[in-house]
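In: The sequence isn't on hand, but the structure is:
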């Protein structure tokens, strides 16, 4: 096992104290960023009893999205629940969920980069960045029924608002790099790079890393290259 990903299919492995998400934010929309979630969507921060009551629902939501390209992550509900519980226990850990009426339709998670695994933290250190000053978004996941409505972008902005005014000078996330001729890449797939740039994130080519996990339908885990996007909070204040 590497990069904190627990193999499935009966392979015995020790669960690390802080499993790392093998994926980056999935916005799935190219709409303008709003100051609040669109329509009747409401956002809650999940922690403590609120998280415990929604843990299973949140795990099911994440697995539904993370099984898609480019993640192709099989996972399991039990592993997701352990991962989310561990994330919630971190100092500064953040879990946001978006609801359409009573149904959870999207979620975002993050944590201070100095609380993350070496595989995510070390690329920034090697590039001369202080991980104590960076907040890392693990993922933003949106159900297909609610994509294209600005939910993902709203979650990122709300997440940023929670950490402004503290010790963080920047926010960041890692993007999986899949080949354009990947056999499981849908013809309709397009990366949300334009949406990330519109939100103020910048691709940092000098920062690169990798995470390993076993793709769905594969028997062995493989390393997936990551490229990182960073946004300066100081530059975005008042924008």
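Out: Right, received. Where do you want to start? If you're wondering where the values come from, they're calculated on a predicted model, not measured in any experiment.

In: Helices along the chain, start to end?
Out: 48-66, 77-89, 118-126, 151-163, 193-198, 233-236 (DSSP state H).

In: tell me the most buried of the ones you listed?
Out: When the helices of the chain are scored by mean count of other Cβ atoms under 10 Å, the highest mean neighbour count falls to helix 151-163 (a mean of 21). To be clear about C-beta, it is placed using only N, CA and C from the backbone, and glycine gets the same treatment.

In: For that helix, give the mean pLDDT please.
Out: Across helix 151-163, the average pLDDT comes to 90.

In: cool, stretch 226-238 as well?
Out: The predicted confidence, averaged over stretch 226-238, sits at 79.

In: got the residue ranges for the strands in this protein?
Out: When assigned using DSSP state E, the strands of the chain occupy the ranges 41-45, 94-100, 103-112, 134-142, 170-176, 202-213, 222-232.

In: can I get the ones you listed in a markdown table with distance to residue 121?
Out: As requested, the strands of the chain are exported to a markdown table (distance: least, Cβ to Cβ, whole Å):
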| stretch | distance to residue 121 |
| --- | --- |
| strand 41-45 | 24 |
| strand 94-100 | 17 |
| strand 103-112 | 10 |
| strand 134-142 | 8 |
| strand 170-176 | 11 |
| strand 202-213 | 9 |
| strand 222-232 | 11 |
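
In: thinking again about what came up before, nearest to residue 142, of the helices of the chain?
Out: Smallest distance to residue 142 across those (Cβ to Cβ): 4.8 Å, for helix 151-163.

In: Show me what the closest one is packed against.
Out: Helix 151-163 is packed against strand 41-45, strand 94-100, strand 103-112, strand 134-142, strand 170-176, helix 233-236, with contacts defined by 3 or more Cβ pairs under 8 Å, 6 or more residues apart in numbering; DSSP states H and E.
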